[in-house]
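Asks: What follows is a predicted protein model with its sequence.
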Number of protein chains: 2
Amino acid sequence: MINVRGYAAANAKALLGPFKFERRELRAHDVLIDIIYSGVCHSDIHMARDEWGGSIYPLVPGHEIVGRVSRVGSDVKAFKVGDLAGVGVLVDSCRQCTSCKQGNEQYCEVHLVPTYSGLEMDMKTVTYGGYSTQIVTDENYVLHISDKLSLAGVAPLLCAGITTYSPLRHWKVGKGHKVGVVGLGGLGHMAVKFAASFGAEVTVLSTSDSKQNDAKKLGAHHFVNTKDDAAMKKARNSFDFLLNTVSAPHNINALISLLKVNGTMIMVGISPEDLSLSVSGLISKRKTIAGSMIGGLRETQEMLDYCADKNIVSDVEVIAMKDINEAYERMIKGDVRYRFVIDIATL
Amino acid sequence: MINVRGYAAANAKALLGPFKFERRELRAHDVLIDIIYSGVCHSDIHMARDEWGGSIYPLVPGHEIVGRVSRVGSDVKAFKVGDLAGVGVLVDSCRQCTSCKQGNEQYCEVHLVPTYSGLEMDMKTVTYGGYSTQIVTDENYVLHISDKLSLAGVAPLLCAGITTYSPLRHWKVGKGHKVGVVGLGGLGHMAVKFAASFGAEVTVLSTSDSKQNDAKKLGAHHFVNTKDDAAMKKARNSFDFLLNTVSAPHNINALISLLKVNGTMIMVGISPEDLSLSVSGLISKRKTIAGSMIGGLRETQEMLDYCADKNIVSDVEVIAMKDINEAYERMIKGDVRYRFVIDIATL
């Protein structure tokens, strides 16, 4: 076994604190990664506090992991010692179902193994995330990371990046499309960068005017304050797509009214409460609401390669491990531009 | 002006009763149709009782109209006296917007003129529907009706038919697809006929076991009682499409759980109350909810021609005009298989 240091929540009410645990000894296809940075995703907070239900304690969060390979299993082909490597939201899946075979492992129809607070395919072994010094992962679920980009800025691509990249690609968003990004946080700021990079005309929709300047700097062409009734009325029936990154309860019917005929709102933020849906708002102009979750391994690699090519990274604030609880409080207040990333050397 | 007899509701609480009113004198492109049958749609009840808001009284319902042309305007090209003709849910639109130009007049972005209880393009003249002896309609919004089919069975095609045909065509439903039809009423029974005719494997989902035999007779291959927890559990992740015809509040999250990865639920019934939506149910398998409303004129004609070719009509119970209020009560109880049609000769 491999001894690892990390930070864990002991239960739903506890702050995160130091935690020692063991990773499995390397199997033939495993890679040992010395973690350099671990991004802090809003879902880490939901999970640490069991806000979606099903959290397993002690819980080591973190699924935006970049580091360097320090050891490889006997049959590993894709990585060698010294390579930069990334691990995202999932570390295994059944590999047999239609979704897995299509490279959509995130929609595995048998069992998806999340990077933390989930069970391995043996349905017994608990997984622990990236707020830790090392991780052992099967090479098929490890990504190659370019050395061209800022490593800290790359970490959030593993979740915030792929979560927004995948639906924009799936729905073929690009030139000629008007796209609204709802919410300008960790996911939203990546959505703006990708949508603009793909050639779409991008509007940020936010409850906070303070985000307006940032929206433009990130590449957005327009800004709408969703609390401004006149601006919302003016924006009606104008968007081909809305990428909705809000993970709190909110009025989706007002957003649906902003879609054009045949328009689609893609949900990537998970509200812990059900939302209220007016069916007539969908029917009257053949509108659609869809959900999308991260992306498959192949698509995640494609996204990382695209980012290396286009020089796209997340805007980050690097923190020390000991500051994680304060970072959570700031995230809840929306006080981060736009992603905290833990420098694991501080652990 | 043309003197017409009909049945109207005087206000939201009133029963329908005899009503005399005038239709406009024929314009150059107008057709005068002597109405033979008028189908009774569930939305007639919602509108007569102002359950969706915005009803205009006195209100003459009816938007599933078949009859025979008795007079034509000076420039009418598409119809001649003696032709069978149909009028559906809309009788005019702006004719200039993108949707109109694409033949999707039902999604007109300027103003849609409903067949009854709406305003003409002049934004003043109130429209009156098919529970009446005659109607005057612009030839561009009139359909050709084959003499091969039972006329009474054709009337409901103008709303129930096109409302289910259009989304099945738009989403290219056919061979190799598993399709669930939720609710077996006026819309549902047409959805079963069309989906089966297009080659899909069709399941009826209903709260009532009494519909099981009918489902099979209409062409469905399977039946699931949505109150049967074990059957619902077994059906999870199995449908490519659900066509949801229910117009009362119901649990859509339970239905979404029945969709496969990338599956789509299409809403065609309009619940008067908002529905409760679990976003995680959409996200975890990239599922979609969409709305669809009737169809355009071109597509409605295509549907009528398809029905003539495949010998598809609605299953109807023909009633006398005076029995309309009793028919409404029976519809609310689900006691009709599957559409009432008014014999206008009884008016």
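Replies: Here it is on my side, so go on.
Asks: okay, CA-based contacts and neighbour counts for the rest of this
Replies: Noted.
Asks: residues contacting residue A:154?
Replies: Going by CA atoms under 8 Å, 6 or more residues apart in numbering or on different chains, residue A:154 touches A:66, A:313, A:314.
Asks: most neighbours, which of these?
Replies: The most crowded member of the contacts of residue A:154, judged by other CA atoms under 10 Å in any protein chain shown, is residue A:66 (32 neighbours).
Asks: Doesn't that residue lie inside a strand?
Replies: Yes - with DSSP: H, G, I helix; E, B strand; the rest coil as the criterion, residue A:66 is part of a strand.
Asks: Give me the nearest residue to it, chain neighbours excluded.
Replies: Spatially, and ignoring its direct neighbours in sequence, residue A:66 is nearest to residue A:86 (4.4 Å; CA to CA, 6 or more residues apart in numbering or on different chains).
Asks: before we move on, what about residue A:212?
Replies: Closest to residue A:212 by CA to CA, 6+ apart is residue A:223, at 6.1 Å.
Asks: I'd like the contacts of residue A:154 as JSON lines, with pLDDT appended.
Replies: Listed next are the contacts of residue A:154 as JSON lines, based on pLDDT from 0 to 100:
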{"residue": "A:66", "pLDDT": "98"}
{"residue": "A:313", "pLDDT": "98"}
{"residue": "A:314", "pLDDT": "98"}
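Asks: Which one of these is nearest to chain B?
Replies: Distance to chain B, by CA to the nearest CA, is smallest for residue A:314 among the contacts of residue A:154, at 22.9 Å.
Asks: residues near residue A:119, how many?
Replies: So residue A:119, with other CA under 10 Å, has 19 neighbours.
Asks: Residue A:111 too?
Replies: Counted with other CA under 10 Å, residue A:111 comes out at 18.
Asks: how deep is the one residue in the stretch 1-150 of chain A that gets nearest to chain B tucked in, by neighbour count?
Replies: For the stretch 1-150 of chain A, the residue closest to chain B is residue A:107, as judged by CA to the nearest CA, at 5.4 Å. Neighbourhood size, residue A:107 [other CA under 10 Å]: 27.
Asks: Roughly how far does the residue lying closest to it once chain neighbours are set aside sit from residue A:158?
Replies: Among residues not flanking residue A:107 along the chain, residue B:285 sits closest, at 5.4 Å (CA to CA, 6+ apart). Per CA to CA, to the nearest Å, residue B:285 is found 19 Å from residue A:158.
Asks: now swap in residue A:215 and tell me
Replies: Residue A:215 is 22 Å from residue A:158, by CA to CA.
Asks: what sits against residue A:271?
Replies: Counting by CA under 8 Å, 6+ apart, residue A:271 makes contact with A:246, A:247, A:248, A:249, B:279, B:280.
Asks: Let me fix that, I meant to ask about residue A:72.
Replies: A:26, A:28, A:29, A:30, A:31, A:32, A:79, A:80, A:81.
Asks: again, only this time at 7 Å
Replies: Residue A:72 sits next to A:30, A:31, A:32, A:80, A:81 when contact means CA atoms under 7 Å, 6 or more residues apart in numbering or on different chains.
Asks: So what does the second one have for phi and psi?
Replies: Residue A:31 adopts backbone torsions of phi -120, psi 130, taken as degrees, to the nearest 10.
Asks: Same question for the last one.
Replies: When read as degrees, to the nearest 10, the backbone of residue A:81 gives phi -60, psi 130.
Asks: what's the neighbour count on residue A:198?
Replies: Residue A:198 has 17 neighbouring residues, counting by other CA under 10 Å.
Asks: excluding its backbone neighbours, what's nearest it?
Replies: Residue A:198's closest residue in space is residue A:174 (CA to CA, 6+ apart), at 4.9 Å.
Asks: what's the nearest residue to residue A:299 if we skip its chain neighbours?
Replies: With sequence-adjacent residues excluded and distances taken as CA to CA, 6+ apart, residue A:299 is closest to residue A:166, at 7.2 Å.
Asks: Assign that neighbour to helix, strand or coil.
Replies: Following three-state DSSP, the label given to residue A:166 is helix.
Asks: next one: the one 3 residues further on
Replies: Of the three states, residue A:169 takes helix according to three-state DSSP.
Asks: how does chain A divide into domains?
Replies: A:2-159+A:314-346, A:161-291 (automatic domain parsing).
Asks: Dump those to JSON lines, plus distance to residue B:36.
Replies: Below are these laid out as JSON lines (distance: least, CA to CA, whole Å):
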{"stretch": "domain A:2-159+A:314-346", "distance to residue B:36": "53"}
{"stretch": "domain A:161-291", "distance to residue B:36": "29"}
